[in-house]
Structures are given as structure tokens and as C-alpha cells.
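>>> here are the coordinates; sequence isn't available:
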């Protein structure tokens, strides 16, 4: 499907539920439904991973944060991809954030971590009363299947 078409579909679904997405000047996502051409096509499994990460992040914003907006940034630097999703919601309590950081999170965050791990990536979550930012870095090219494990990109 490609990232541009996938993001367009995702943005349309989220905007119909009341969540607006907006661009960042440095972002590969430059407006709802479009992707800057500077981010070349990636392997299908990497594009799917990015789509799922953004999808889960927007779902969490819609369900939990109270934010009506989200800023999405996708960038490539060498062999690494960074994905950042930021809201302006109520934030996550210190106790809940500590639980999430200790890997004791719900199904969605756990699934995100598993997918990212299979691409030698990292996930960090920063939150305060001004909102939450989820940052991910991962390899732009999938490691060999034997390094990813049998459930690569499975449904969480």
C-alpha cells in the first residue's frame, strides 16, 4: 500500500473520530494524508511497522489523553528511522508511566515494544501535564528473519 496511502487512510479514520493530525516542519508527514517525497519507500515490513506504531499511538491518544491533536514525525537518518507521535493531552500519571516503563504496560504498548525489538529498535515515552510523546528508533531495513523471531509483526 505504501506509507502515503496508509497514512491517508489512518488520518481519515482518526479525523472522523475528532482527532486532528498536524505536521511538524521537520516531519515526513506534512499534512493529513500526505508524506514528503524526501522519505523514500522502505521495505514493506518496515512501512507496516511504522504504520502500526502510528496507528496504536493515535488509538491511545484518542482513548486516553483527551487531546484533540497529534503531531507525527517520521525521519530517516542513515540506516535508522525515527518515529515520534506527540499529543497535548492530560499526560500519563507518574505511577502509570513508571508501570509502562517497567514493561508492565497494556497490550498496545507491549505489542509496540515487541514489534520494535524485532527491528533492533527502542521505544521511549515521555509524559507530563502538557502531553505525551512517544519516540521510536529502528533499523530502516529489517534484520534477517532468524534475528527477528517467529512472530515478526504479528498482531499484538
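Received it, and whenever you're ready, just let me know what you need. Values in this document were obtained by computation on a predicted structure and should not be read as measured data. Residues are numbered from 1 along each chain as shown.
>>> Could you use CA atoms for every contact and neighbour count after this?
Noted.
>>> all helices for the protein, in order.
3-16, 44-60, 94-101, 107-117, 145-148 (DSSP state H).
>>> and the residue lying closest to residue 112 once chain neighbours are set aside, how many neighbours?
Nearest non-adjacent residue to residue 112, counting by CA to CA, 6 or more residues apart in numbering: residue 53, 6.2 Å away. Neighbourhood size, residue 53 [other CA atoms under 10 Å]: 25.
>>> Ok, the one 5 residues further on next?
Here the neighbour count serves as a burial measure; for residue 58 (other CA under 10 Å) it reads 26.
>>> so what's residue 125 up against?
Counting by CA atoms under 8 Å, 6 or more residues apart in numbering, residue 125 makes contact with 97, 101, 132-135.
>>> Closest one of those residues to residue 57?
Of all the contacts of residue 125, residue 134 has the smallest distance to residue 57: 7.6 Å, by CA to CA.
>>> For the closest residue to the closest one other than its chain neighbours, give its distance to residue 64.
Counting by CA to CA, 6+ apart, residue 134 lies nearest to residue 125, which is 4.6 Å off, once chain neighbours are set aside. Per CA to CA, to the nearest Å, residue 125 is found 14 Å from residue 64.
>>> Residue 44 too?
Residue 44 sits at a distance of 30 Å from residue 64 (criterion: CA to CA).
>>> what's the answer for residue 116, then?
For residue 116, the distance to residue 64 (CA to CA) stands at 22 Å.
>>> between these two, who's got more neighbours?
residue 116 (24 against 13).
>>> okay but the more buried one is in contact with residue 123, surely?
Yes: using CA atoms under 8 Å, residue 116 is in contact with residue 123, at 7.3 Å.
>>> Now that residue 112 has come up, it's in contact with residue 51, right?
No: between residue 112 and residue 51 there is no contact, the gap being 11.0 Å when judged by CA under 8 Å.
>>> And these two? Which one has more around it.
Ranked by neighbour count (other CA under 10 Å), residue 112 and residue 51 place residue 112 first, with 23 against 18.
>>> Roughly how far does the more buried one sit from residue 78?
Residue 112 is 23 Å from residue 78, by CA to CA.
>>> Please apply the same query to residue 113.
Taking CA to CA, one finds residue 113 at 22 Å from residue 78.
>>> who has more neighbours, the two?
Counted by other CA under 10 Å, residue 113 and residue 78 do not tie: residue 113 has more neighbours, with 20 against 8.
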